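*Asks:* Dropping the sequence and predicted coords here.
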Amino acid sequence: MARVHLQDELIKSADRITVQTQFGPIKGGRAANGAAVFLEVPYALPPGRFEDPKPLPPGFQYEDKEYVYESKYCAQPTNDGQGAGIPREDRLGLGKPSEDPLYVNIVSPPNFTPNSKYAVKVYIHGGFLQFGSPHGLSAQAPYVAVERSEVWVNIGYRLSVFGFLACDNPRVEGNFGFKDQWLALLWIRDNIAKFGACQVTLRTYSAQAGSARALRGKGMRSIVVGDLTEEWYLYSIAHPVNAAQDVVHNVRRYYPHDVVDKMLACYPAPPEDADQKQLERYMGDILADGQVHFPVRLFARDLLNAGFPVLRYEIRWTPEQYRPYGYVTHGTDRLLWTLRLPALEPVQIVAARTWLDIIDAETKSLEAGMNVNARDPKKVLALKEDKTVAWKDDDRWDHLMRLRTALPGENDTAVGRL
């Protein structure tokens, strides 16, 4: 991958852009392609360890400096299997680990004004709630922001023990990373228009009876959700496995014992003489189905049953140079969504542009009530191995929906409509 970070581009340019916010001026820089960039803009006060985040108070003033540096990322473990083959600084940024990653990175089109009203895209990085950074090279967004006239915001939040430790005694509430994310979204709602984006409205909503009406009532027009086809690989290396009982133990890290027993009944047992690779694949399939493939389908099913528009996609190809072991797993598609031109071959750039264009077109058709394919839960919009995009039958639907028998409240009647 082309390894030029935004910080490298910004410090080479003498061009500086100032935005007036409710907390004073923010001075950013200009990327090589002209995008306006503001790095590490605080959305909250520096957090106390194991404490809820605190919003910037009235009267708070941003520090008078240039917001053009990748100075920090959240302190985190180093055993990130998803980052295999990727230099640490390209995964996390050029700075150092910190307990204060409560900032946003903002990228705007070159000629934005406070009245531009560009679409805004918010990116919350993944990584099992253990790893990652808004500075990750594949998530840096100057190219997609310029080419598609969008404002992009990457959110930093606390991870691992700093973000998600909880206990009864001493009392530690936990979920600090999720609370960070929510505070960041509120900051974006209140401030992003100054960076050229349309006004954003964020609210809570009901996901129970009347969910479709509740979603529409809060301004949501559709949901786009999907998965990649070889997630089993990431989950196969997530935990050590030396014997079949290790698989059971590891799956119980995720689900109650009774649910695990029912899940395992949906899979052929590994042979008694299974080697480590076979056991890892067995565990990888179970966890990937339970954590990714099945929830995506169940979520889409329930929204469709409630009459809410859902566009479900499947990615079967990602740039080969970004998956050293060959597997199409989440994270390897990030280059496509951010249209990271220096990292893509010419034919891959065409595929990425086509993918983004079709996603936009299908979403607009969905919201207009005209997308017949999207109404069928067993249809999926696929980016195929040959880089073409088309609707196809979901050949894993029936297999994955067997897992509903492991869930409380699920029965044949509940899924009979789909």
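*Replies:* Thanks, I have the structure now. Residues are numbered from 1 along each chain as shown.

*Asks:* where do the strands sit along the stretch 201-350 of the chain?
*Replies:* 223-228, 310-315 (DSSP state E, counting those that start in this stretch).

*Asks:* just those strands: most buried one?
*Replies:* Mean neighbours per residue, mean count of other CB atoms under 10 Å, is largest over the strands of the stretch 201-350 of the chain for strand 310-315, with a mean of 22. Using the backbone N, CA and C atoms, a C-beta is placed for each residue, glycine as well.

*Asks:* From the contact counts, what lies against it?
*Replies:* With contacts taken as 3 or more CB pairs under 8 Å, 6 or more residues apart in numbering; DSSP states H and E, strand 310-315 sits against strand 223-228, helix 294-305, helix 346-367, strand 379-383.

*Asks:* For the first one, which strands pair with it and how are they oriented?
*Replies:* The one in question is strand 223-228. Strand 223-228 has these partner strands in its sheet, going by DSSP bridges: strand 310-315 (parallel).

*Asks:* Pass me the low-pLDDT residue ranges in the protein, would you?
*Replies:* Applying pLDDT under 70 to the chain picks out residues 1-2, 80-85, 199-215, 218, 411-418.

*Asks:* Which residue ranges make up the domains of it?
*Replies:* According to automatic domain parsing, the chain comprises the domains 6-195, 211-415.

*Asks:* if we compare the strands of the stretch 201-350 of the chain, which one ends up closest to residue 271?
*Replies:* strand 223-228 (28.2 Å; CB to CB).

*Asks:* any idea of the angle the closest one forms with helix 294-305?
*Replies:* 150 degrees (axes from the mean of the first three to the mean of the last three CA atoms, to 10 degrees).

*Asks:* Quick one: residues in contact with strand 223-228.
*Replies:* For strand 223-228, contacts defined as CB atoms under 8 Å, 6 or more residues apart in numbering pick out 292-293, 296, 299-300, 303, 308-316, 318, 328-330, 332-333, 359, 363, 380-381.

*Asks:* And for stretch 379-395?
*Replies:* 226, 297, 311-317, 336, 347-348, 350-351, 354-355, 358-359, 362, 373-374, 377-378.

*Asks:* Just the buried residues of it, please?
*Replies:* 379-383, 389, 394 (16 or more other CB atoms under 10 Å).

*Asks:* Just the terminal-to-terminal distance for that stretch.
*Replies:* From its first residue to its last, stretch 379-395 covers 9 Å (CA to CA, to the nearest Å).

*Asks:* Point out the most buried one among the domains of the chain.
*Replies:* domain 6-195 (a mean of 18).

*Asks:* Need the distance between the two termini of that one.
*Replies:* 18 Å.

*Asks:* re earlier: turn the strands of the stretch 201-350 of the chain into JSON lines, columns for distance to residue 51.
*Replies:* As requested, these are exported to JSON lines (distance: least, CB to CB, whole Å):
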{"stretch": "strand 223-228", "distance to residue 51": "33"}
{"stretch": "strand 310-315", "distance to residue 51": "37"}
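
*Asks:* out of those strands, which comes closest to residue 122?
*Replies:* When the strands of the stretch 201-350 of the chain are compared (using CB to CB), the closest one is strand 223-228, at 13.4 Å.

*Asks:* Okay, angle between the closest one and strand 379-383 too, please.
*Replies:* 60 degrees.

*Asks:* Return the alpha-carbon coordinates of strand 223-228 using CSV.
*Replies:* The C-alpha trace of strand 223-228 is given here as CSV (Å, rounded to 0.1, in the frame of the first residue of the first chain):
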residue,chain,number,x,y,z
ILE,A,223,-30.1,1.0,6.2
VAL,A,224,-27.2,-0.5,4.2
VAL,A,225,-25.7,-3.6,5.9
GLY,A,226,-23.5,-6.5,4.7
ASP,A,227,-20.7,-8.9,5.2
LEU,A,228,-17.6,-10.3,3.6
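
*Asks:* Distance check, residue 288 against residue 249.
*Replies:* 17 Å (CB to CB, to the nearest Å).

*Asks:* And for residue 166?
*Replies:* For residue 166 relative to residue 249 (CB to CB), the value is 21 Å.

*Asks:* one step back: who wins for proximity to residue 19 among the strands of the stretch 201-350 of the chain?
*Replies:* Short answer: strand 223-228, nearest of the strands of the stretch 201-350 of the chain by CB to CB, at 29.2 Å.

*Asks:* relative to helix 346-367, how tilted is the closest one?
*Replies:* 140 degrees.

*Asks:* helix/strand/coil for residue 400?
*Replies:* Of the three states, residue 400 takes helix under DSSP: H, G, I helix; E, B strand; the rest coil.

*Asks:* That one and residue 295 touch, don't they?
*Replies:* No - shown here, residue 400 and residue 295 do not form a contact pair, counting by CB atoms under 8 Å, at 9.6 Å.

*Asks:* picking that back up, present the helices and strands packed on strand 310-315 as CSV; the columns should include distance to residue 262.
*Replies:* Formatted as CSV, the helices and strands packed on strand 310-315 follow (distance: least, CB to CB, whole Å):
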stretch, distance to residue 262
strand 223-228, 22
helix 294-305, 13
helix 346-367, 34
strand 379-383, 26
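
*Asks:* quick one: which of these is nearest residue 119?
*Replies:* helix 346-367 (9.8 Å).

*Asks:* Noted, bye for now.
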